[in-house]
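J.: Give me a model of this one.
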Amino acid sequence: MNLLEAIDLLKDNGYKATGKRKDILAFFAEVDGYRTAKDLISHLEKQHNSISFDTIYRNLHLYNEMGILETTELNGEKHFRINCTHHHHHHFICNECGKTKEIEVCPMDEVKGALSNYAIEGHKFEIYGLCPTCQIN
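T.: Reported below is the predicted structural model:
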């Protein structure tokens, strides 16, 4: 999803595309990988003198509910990234910098056979480690 698609989705669902909301979306559209609410606040404080944690978390929750952002748990903290689910895939996530790499392989074909009596409603598969850049540093 790109920035314009995200803004259109907000408007289509009856939400105003305020300056702060657009800045939040722009932050995630510009960064590569998952980022925390703290990363977002640090970035936005440069533009908005008084942005509250409540505003940040309320909008992050809204964007996640609407499918604009996807989340993962990394090092015990919730991380967010722009939703890129135009096709089914999974991610390698760098534990150091949060950058991601798409993985086209899905283990669900094998798992479905092992769980043939179960009704699978969804899944999430992520691999964690260090990207090539962080391995050098």
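J.: drop to CA atoms for contacts and neighbour counts, all remaining ones
T.: OK.
J.: for this protein, what are the low-confidence residue spans?
T.: In the predicted model, the chain carries pLDDT under 70 at residues 84-86.
J.: what ranges do the helices span in it?
T.: Remark: helices assigned in the chain by DSSP state H are 3-12, 19-30, 37-44, 53-66, 108-114, 132-136.
J.: how about the third one: buried residues?
T.: For helix 37-44, a neighbour-count test (16 or more other CA atoms under 10 Å) marks 37, 40-41, 44 as buried.
J.: Just say which of the helices of the chain is most tucked in.
T.: helix 19-30 (a mean of 17; mean count of other CA atoms under 10 Å).
J.: Would you mind extracting the C-alpha trace of that helix into CSV?
T.: What follows is helix 19-30 as a C-alpha-only set of coordinates in CSV (Å, rounded to 0.1, in the frame of the first residue of the first chain):
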residue,chain,number,x,y,z
GLY,A,19,-1.7,16.9,8.7
LYS,A,20,-0.6,14.7,11.6
ARG,A,21,-2.3,11.6,10.1
LYS,A,22,-0.6,12.2,6.8
ASP,A,23,2.7,12.7,8.5
ILE,A,24,2.3,9.4,10.4
LEU,A,25,1.5,7.6,7.1
ALA,A,26,4.4,9.4,5.3
PHE,A,27,6.8,8.2,8.0
PHE,A,28,5.9,4.5,7.5
ALA,A,29,5.8,4.9,3.7
GLU,A,30,9.3,6.3,3.7
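J.: and that helix with helix 53-66, angle?
T.: 60 degrees (axes from the mean of the first three to the mean of the last three CA atoms, to 10 degrees).
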